[in-house]
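Undergrad: I need the structure of the sequence given here:
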Amino acid sequence: MKTIAFLNNKGGVGKTALVHHLAWMFADNGWSVLAADLDPQANLTTMFIDEESLEAFWPEGRSTQTVLAPIRPLLEGEGGIEEPHVEDVDDIGLLVGDLALSGLEDELSMQWPWCLDGSKRAFRVIGAFAEVLRRAGSVCEADFALVDVGPNLGAINRAALIAADYVVVPLGPDLFSLKGLRNLGPTLRKWRKEWQERLQKRPQDVQAPEGRMTPIGYVVMQHSARLDRPVKAYAKWMDRIPYTYHQYVLGEEGGSGLSVQEDSHCLATLKDYRSLMPMAQEARKPMFHLKPADGAIGSHVGAVQNCYRDFRVLAETINSRTEEEDK
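TA: Next up, the predicted model:
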(Lines give C-alpha, C1' and ligand atoms only; values in the text may rest on other atoms or scores of the structure.)
Protein backbone atom coordinates (compact mmCIF):
# COMPACT_ATOMS: atom_id res chain seq x y z
CA MET A 1 0.00 0.00 0.00
CA LYS A 2 1.22 3.46 -0.94
CA THR A 3 0.46 6.07 1.69
CA ILE A 4 0.12 9.65 0.46
CA ALA A 5 -0.38 12.60 2.79
CA PHE A 6 -1.83 15.88 1.56
CA LEU A 7 -0.36 18.78 3.51
CA ASN A 8 -0.43 22.54 3.47
CA ASN A 9 0.00 24.49 6.67
CA LYS A 10 -2.31 27.15 5.24
CA GLY A 11 -6.01 26.37 5.38
CA GLY A 12 -8.61 27.14 2.76
CA VAL A 13 -6.73 25.86 -0.29
CA GLY A 14 -9.18 23.03 -1.01
CA LYS A 15 -7.01 20.26 0.42
CA THR A 16 -9.83 18.17 1.88
CA ALA A 17 -11.98 18.44 -1.24
CA LEU A 18 -8.93 17.33 -3.24
CA VAL A 19 -8.45 14.21 -1.08
CA HIS A 20 -12.17 13.42 -1.24
CA HIS A 21 -12.33 13.64 -5.03
CA LEU A 22 -9.09 11.73 -5.55
CA ALA A 23 -10.36 8.89 -3.37
CA TRP A 24 -13.40 8.56 -5.61
CA MET A 25 -11.31 8.83 -8.78
CA PHE A 26 -8.82 6.20 -7.66
CA ALA A 27 -11.77 3.93 -6.92
CA ASP A 28 -13.30 4.70 -10.33
CA ASN A 29 -10.03 3.64 -11.92
CA GLY A 30 -10.11 0.26 -10.21
CA TRP A 31 -7.73 0.88 -7.32
CA SER A 32 -8.68 -0.06 -3.79
CA VAL A 33 -8.57 3.08 -1.64
CA LEU A 34 -8.35 3.92 2.04
CA ALA A 35 -9.26 7.52 2.89
CA ALA A 36 -7.85 8.43 6.30
CA ASP A 37 -9.06 11.50 8.20
CA LEU A 38 -6.24 12.55 10.54
CA ASP A 39 -7.39 16.16 10.73
CA PRO A 40 -8.90 16.91 14.18
CA GLN A 41 -11.51 19.04 12.38
CA ALA A 42 -12.71 15.83 10.63
CA ASN A 43 -13.86 17.69 7.51
CA LEU A 44 -13.05 14.75 5.22
CA THR A 45 -15.36 12.54 7.25
CA THR A 46 -18.24 14.99 6.87
CA MET A 47 -17.79 14.91 3.09
CA PHE A 48 -18.32 11.15 3.09
CA ILE A 49 -20.93 10.74 5.83
CA ASP A 50 -24.08 12.78 6.41
CA GLU A 51 -24.69 14.51 9.72
CA GLU A 52 -27.44 12.15 10.84
CA SER A 53 -25.26 9.06 10.33
CA LEU A 54 -22.33 10.73 12.08
CA GLU A 55 -24.17 10.56 15.39
CA ALA A 56 -23.41 6.84 15.55
CA PHE A 57 -19.69 7.51 15.15
CA TRP A 58 -19.58 10.50 17.50
CA PRO A 59 -21.75 9.55 20.49
CA GLU A 60 -21.96 11.45 23.75
CA GLY A 61 -19.37 9.17 25.31
CA ARG A 62 -16.27 7.69 23.75
CA SER A 63 -16.32 6.86 20.09
CA THR A 64 -15.47 3.26 19.25
CA GLN A 65 -15.36 3.42 15.44
CA THR A 66 -13.07 6.35 14.71
CA VAL A 67 -9.36 6.61 13.96
CA LEU A 68 -8.71 7.42 17.62
CA ALA A 69 -10.43 4.35 19.06
CA PRO A 70 -7.70 1.74 18.30
CA ILE A 71 -4.99 4.02 19.70
CA ARG A 72 -6.70 4.79 22.99
CA PRO A 73 -5.63 1.59 24.88
CA LEU A 74 -1.98 2.36 24.08
CA LEU A 75 -2.32 5.97 25.25
CA GLU A 76 -3.96 4.92 28.48
CA GLY A 77 -1.40 2.21 29.22
CA GLU A 78 -3.95 -0.60 29.05
CA GLY A 79 -2.63 -2.40 26.01
CA GLY A 80 -1.47 -1.99 22.46
CA ILE A 81 -3.12 -0.80 19.29
CA GLU A 82 -6.43 -2.50 18.53
CA GLU A 83 -7.97 -3.32 15.17
CA PRO A 84 -9.38 -0.18 13.51
CA HIS A 85 -12.88 0.14 12.14
CA VAL A 86 -12.95 0.83 8.40
CA GLU A 87 -16.25 2.24 7.15
CA ASP A 88 -17.22 1.12 3.66
CA VAL A 89 -18.48 4.11 1.64
CA ASP A 90 -19.29 2.92 -1.87
CA ASP A 91 -16.21 0.67 -1.96
CA ILE A 92 -13.95 3.35 -0.46
CA GLY A 93 -12.55 2.46 2.94
CA LEU A 94 -12.84 5.37 5.37
CA LEU A 95 -10.96 5.83 8.62
CA VAL A 96 -13.48 8.08 10.35
CA GLY A 97 -12.07 11.24 11.90
CA ASP A 98 -12.44 12.23 15.52
CA LEU A 99 -12.60 15.73 17.00
CA ALA A 100 -10.84 14.38 20.09
CA LEU A 101 -7.66 13.84 18.05
CA SER A 102 -6.62 17.36 19.05
CA GLY A 103 -5.97 16.02 22.54
CA LEU A 104 -3.02 13.98 21.20
CA GLU A 105 -0.91 17.05 20.48
CA ASP A 106 0.73 17.22 23.92
CA GLU A 107 1.31 13.46 24.19
CA LEU A 108 2.96 13.27 20.78
CA SER A 109 5.12 16.29 21.58
CA MET A 110 6.21 14.75 24.87
CA GLN A 111 7.09 11.34 23.37
CA TRP A 112 9.11 12.74 20.47
CA PRO A 113 12.36 13.41 22.43
CA TRP A 114 12.02 10.12 24.34
CA CYS A 115 12.58 8.26 21.07
CA LEU A 116 16.20 9.38 21.23
CA ASP A 117 16.49 7.43 24.48
CA GLY A 118 15.16 4.29 22.81
CA SER A 119 11.86 4.30 24.69
CA LYS A 120 9.56 1.53 23.44
CA ARG A 121 6.46 3.44 24.45
CA ALA A 122 7.67 6.57 22.66
CA PHE A 123 8.19 4.69 19.41
CA ARG A 124 4.80 2.99 19.71
CA VAL A 125 3.00 6.27 20.36
CA ILE A 126 4.77 8.17 17.57
CA GLY A 127 4.22 5.27 15.17
CA ALA A 128 0.59 4.68 16.18
CA PHE A 129 -0.91 6.37 13.11
CA ALA A 130 1.33 4.31 10.85
CA GLU A 131 0.20 1.09 12.52
CA VAL A 132 -3.49 2.03 12.30
CA LEU A 133 -3.08 2.88 8.61
CA ARG A 134 -1.29 -0.40 7.97
CA ARG A 135 -4.00 -2.45 9.64
CA ALA A 136 -6.83 -0.49 8.05
CA GLY A 137 -5.19 -0.89 4.66
CA SER A 138 -5.06 -4.65 5.18
CA VAL A 139 -8.76 -4.72 6.01
CA CYS A 140 -9.76 -3.18 2.68
CA GLU A 141 -6.72 -4.49 0.75
CA ALA A 142 -5.90 -0.92 -0.23
CA ASP A 143 -3.57 0.00 -3.04
CA PHE A 144 -3.51 3.60 -1.84
CA ALA A 145 -4.07 5.33 1.48
CA LEU A 146 -4.90 9.01 1.03
CA VAL A 147 -4.34 10.89 4.27
CA ASP A 148 -5.93 14.23 5.05
CA VAL A 149 -4.26 16.26 7.80
CA GLY A 150 -4.90 19.62 9.42
CA PRO A 151 -3.44 22.95 8.22
CA ASN A 152 -0.54 23.17 10.67
CA LEU A 153 2.95 21.89 11.41
CA GLY A 154 2.26 20.47 14.86
CA ALA A 155 3.01 17.15 16.53
CA ILE A 156 -0.11 15.40 15.20
CA ASN A 157 0.85 16.18 11.63
CA ARG A 158 4.43 15.16 12.28
CA ALA A 159 3.25 11.70 13.37
CA ALA A 160 0.90 11.54 10.38
CA LEU A 161 3.65 12.50 7.94
CA ILE A 162 6.05 9.95 9.43
CA ALA A 163 3.45 7.36 8.45
CA ALA A 164 3.43 8.59 4.83
CA ASP A 165 5.50 7.35 1.93
CA TYR A 166 4.73 10.43 -0.18
CA VAL A 167 3.54 13.99 0.24
CA VAL A 168 1.41 16.09 -2.12
CA VAL A 169 1.15 19.83 -1.48
CA PRO A 170 -2.09 21.55 -2.53
CA LEU A 171 -1.56 25.27 -3.19
CA GLY A 172 -3.53 28.37 -4.02
CA PRO A 173 -2.10 31.07 -6.33
CA ASP A 174 -1.63 33.61 -3.56
CA LEU A 175 0.92 35.12 -1.22
CA PHE A 176 -0.20 33.00 1.72
CA SER A 177 0.49 29.70 -0.04
CA LEU A 178 3.96 30.86 -1.04
CA LYS A 179 4.73 31.93 2.52
CA GLY A 180 3.39 28.61 3.71
CA LEU A 181 5.76 26.72 1.40
CA ARG A 182 8.70 28.51 2.97
CA ASN A 183 7.71 27.04 6.34
CA LEU A 184 6.46 23.67 5.14
CA GLY A 185 9.48 22.64 3.09
CA PRO A 186 12.20 23.07 5.73
CA THR A 187 9.92 21.53 8.37
CA LEU A 188 9.37 18.42 6.25
CA ARG A 189 13.09 17.98 5.74
CA LYS A 190 13.70 18.53 9.45
CA TRP A 191 11.10 15.91 10.42
CA ARG A 192 12.60 13.40 8.00
CA LYS A 193 16.13 13.96 9.30
CA GLU A 194 15.11 13.83 12.96
CA TRP A 195 13.11 10.64 12.47
CA GLN A 196 16.06 8.94 10.78
CA GLU A 197 18.15 9.87 13.83
CA ARG A 198 15.53 8.35 16.10
CA LEU A 199 15.25 5.16 14.06
CA GLN A 200 18.86 4.43 14.93
CA LYS A 201 17.76 4.23 18.59
CA ARG A 202 14.74 2.03 17.91
CA PRO A 203 14.52 -1.13 20.06
CA GLN A 204 14.84 -4.24 17.91
CA ASP A 205 11.49 -5.64 19.00
CA VAL A 206 9.54 -2.50 18.06
CA GLN A 207 8.24 -1.81 14.57
CA ALA A 208 8.42 1.75 13.29
CA PRO A 209 7.56 3.44 9.99
CA GLU A 210 10.34 4.42 7.60
CA GLY A 211 9.27 8.06 7.56
CA ARG A 212 9.97 8.52 3.86
CA MET A 213 7.50 11.40 3.33
CA THR A 214 8.92 12.03 -0.15
CA PRO A 215 7.42 15.11 -1.86
CA ILE A 216 6.10 14.04 -5.26
CA GLY A 217 4.70 17.39 -6.32
CA TYR A 218 2.14 20.11 -5.84
CA VAL A 219 -1.38 20.78 -7.10
CA VAL A 220 -2.44 24.34 -7.84
CA MET A 221 -6.06 24.96 -6.89
CA GLN A 222 -6.95 27.94 -9.05
CA HIS A 223 -9.34 30.59 -7.78
CA SER A 224 -12.18 31.90 -9.90
CA ALA A 225 -11.62 35.35 -11.39
CA ARG A 226 -13.27 38.25 -9.61
CA LEU A 227 -13.60 41.88 -10.51
CA ASP A 228 -11.52 42.96 -7.53
CA ARG A 229 -8.89 40.27 -8.16
CA PRO A 230 -7.98 40.23 -11.83
CA VAL A 231 -6.37 37.20 -13.44
CA LYS A 232 -3.04 39.01 -13.61
CA ALA A 233 -2.84 39.06 -9.83
CA TYR A 234 -3.12 35.26 -9.68
CA ALA A 235 -0.64 34.85 -12.52
CA LYS A 236 1.94 36.80 -10.55
CA TRP A 237 1.77 34.38 -7.64
CA MET A 238 1.59 31.29 -9.86
CA ASP A 239 4.80 32.34 -11.59
CA ARG A 240 6.58 32.24 -8.23
CA ILE A 241 5.41 28.77 -7.21
CA PRO A 242 8.01 26.63 -9.09
CA TYR A 243 11.02 28.48 -7.70
CA THR A 244 9.61 28.53 -4.16
CA TYR A 245 8.77 24.81 -4.28
CA HIS A 246 12.20 23.83 -5.61
CA GLN A 247 14.08 25.97 -3.12
CA TYR A 248 12.11 25.39 0.06
CA VAL A 249 10.46 21.98 -0.34
CA LEU A 250 13.09 20.16 -2.38
CA GLY A 251 16.03 22.13 -0.98
CA GLU A 252 17.61 22.57 -4.38
CA GLU A 253 18.22 25.22 -6.97
CA GLY A 254 15.81 25.24 -9.87
CA GLY A 255 12.39 26.40 -10.91
CA SER A 256 13.51 29.92 -11.69
CA GLY A 257 11.81 31.18 -14.83
CA LEU A 258 9.58 28.11 -15.07
CA SER A 259 5.81 28.36 -15.28
CA VAL A 260 3.74 25.84 -13.36
CA GLN A 261 2.84 24.22 -16.69
CA GLU A 262 6.55 23.70 -17.43
CA ASP A 263 7.48 22.51 -13.96
CA SER A 264 7.63 18.70 -13.77
CA HIS A 265 6.79 18.91 -10.06
CA CYS A 266 3.39 20.46 -10.81
CA LEU A 267 0.99 17.52 -10.76
CA ALA A 268 -1.99 19.55 -11.96
CA THR A 269 -3.62 22.95 -12.06
CA LEU A 270 -7.26 22.43 -11.15
CA LYS A 271 -9.93 24.94 -12.05
CA ASP A 272 -12.42 26.31 -9.59
CA TYR A 273 -15.58 24.27 -10.04
CA ARG A 274 -17.43 26.48 -7.62
CA SER A 275 -20.78 26.09 -9.39
CA LEU A 276 -20.59 22.32 -9.01
CA MET A 277 -19.46 22.08 -5.39
CA PRO A 278 -22.80 23.04 -3.74
CA MET A 279 -24.59 20.42 -5.83
CA ALA A 280 -21.94 17.82 -4.97
CA GLN A 281 -22.25 18.56 -1.26
CA GLU A 282 -26.01 18.30 -1.41
CA ALA A 283 -25.86 15.01 -3.35
CA ARG A 284 -22.95 13.79 -1.17
CA LYS A 285 -20.93 12.66 -4.14
CA PRO A 286 -17.89 13.99 -6.04
CA MET A 287 -18.49 16.75 -8.56
CA PHE A 288 -17.63 14.50 -11.50
CA HIS A 289 -20.43 12.06 -10.54
CA LEU A 290 -23.18 14.69 -10.72
CA LYS A 291 -26.16 13.83 -12.91
CA PRO A 292 -29.02 15.94 -14.31
CA ALA A 293 -31.14 14.66 -11.41
CA ASP A 294 -28.65 16.37 -9.07
CA GLY A 295 -29.06 19.65 -10.93
CA ALA A 296 -26.15 19.29 -13.35
CA ILE A 297 -27.87 20.54 -16.48
CA GLY A 298 -26.99 22.98 -19.25
CA SER A 299 -23.45 24.32 -18.95
CA HIS A 300 -22.92 22.21 -15.84
CA VAL A 301 -22.81 19.06 -17.98
CA GLY A 302 -19.62 20.17 -19.70
CA ALA A 303 -18.13 21.26 -16.38
CA VAL A 304 -18.79 17.82 -14.90
CA GLN A 305 -17.05 16.17 -17.86
CA ASN A 306 -14.06 18.51 -17.59
CA CYS A 307 -13.86 17.86 -13.86
CA TYR A 308 -13.82 14.11 -14.43
CA ARG A 309 -11.06 14.45 -17.03
CA ASP A 310 -8.92 16.68 -14.78
CA PHE A 311 -9.14 14.39 -11.76
CA ARG A 312 -8.56 11.27 -13.82
CA VAL A 313 -5.36 12.72 -15.26
CA LEU A 314 -4.27 13.81 -11.77
CA ALA A 315 -4.89 10.35 -10.28
CA GLU A 316 -2.92 8.70 -13.07
CA THR A 317 -0.10 11.23 -12.64
CA ILE A 318 0.12 10.58 -8.91
CA ASN A 319 0.22 6.85 -9.51
CA SER A 320 2.99 7.29 -12.08
CA ARG A 321 5.05 9.47 -9.74
CA THR A 322 4.83 6.93 -6.94
CA GLU A 323 5.90 4.17 -9.32
CA GLU A 324 8.88 6.25 -10.41
CA GLU A 325 9.89 6.83 -6.80
CA ASP A 326 9.60 3.10 -6.04
CA LYS A 327 12.04 2.12 -8.78
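Undergrad: can you read off the backbone torsions of residue 293?
TA: Backbone torsions of residue 293, given as degrees, to the nearest 10, read phi -60, psi -20.
Undergrad: and it, how many neighbours?
TA: Residue 293 has 8 neighbouring residues, counting by other C-beta atoms under 10 Å. All C-beta atoms are positioned from the backbone trio N, CA, C, and that covers glycine.
Undergrad: got it, and residue 166?
TA: 22.
Undergrad: next: residue 299.
TA: With other C-beta under 10 Å as criterion, residue 299 counts 9.
Undergrad: just residue 78 next, same as before
TA: Residue 78 has 8 neighbouring residues, counting by other C-beta under 10 Å.
Undergrad: my guess is residue 213 contacts residue 161, does it?
TA: Yes. Under the criterion of C-beta atoms under 8 Å, residue 213 makes contact with residue 161 at 4.8 Å.
Undergrad: what is in contact with these two at once?
TA: 5, 167, 188, 191 (C-beta atoms under 8 Å, 6 or more residues apart in numbering).
Undergrad: how close does residue 41 sit to residue 53?
TA: 18 Å (C-beta to C-beta, to the nearest Å).
Undergrad: and those two? Which one has more around it.
TA: residue 41 (17 against 10).
Undergrad: now do the more buried one, the pLDDT please.
TA: Looking at residue 41, its pLDDT reads 94.
Undergrad: if we ignore the residues flanking it in sequence, what's nearest it?
TA: The shortest distance from residue 41 to any non-neighbouring residue, by C-beta to C-beta, 6 or more residues apart in numbering, is to residue 150 (6.2 Å).
Undergrad: what's the local residue count around the one you found?
TA: Neighbours of residue 150 (other C-beta under 10 Å): 23.
Undergrad: cool, and residue 12?
TA: 12.
Undergrad: pretty sure it belongs to a helix, no?
TA: No. Residue 12 is assigned coil when assessed by DSSP: H, G, I helix; E, B strand; the rest coil, not a helix.
Undergrad: tell me who's in contact with it.
TA: Applying C-beta under 8 Å, 6+ apart, the residues contacting residue 12 are 151, 172.
Undergrad: quick one: buried residues of the longest strand along the chain?
TA: Within the chain, and with DSSP state E defining each element, the longest strand by residue count is strand 214-221. Neighbour-count burial for strand 214-221, counted by 16 or more other C-beta atoms under 10 Å, picks out 215-221.
Undergrad: just those now: which is nearest residue 30?
TA: Using C-beta to C-beta, residue 216 is the member of those that sits closest to residue 30, with 20.8 Å.
Undergrad: gap between the helix or strand of the chain at the bottom of the mean pLDDT ranking and the chain center?
TA: Using mean pLDDT, DSSP states H and E, the weakest-scoring helix or strand in the chain turns out to be helix 231-244, at a mean of 82. Helix 231-244 sits 23 Å away from the centroid of its parent chain (C-alpha atoms, centre = their mean, to the nearest Å).
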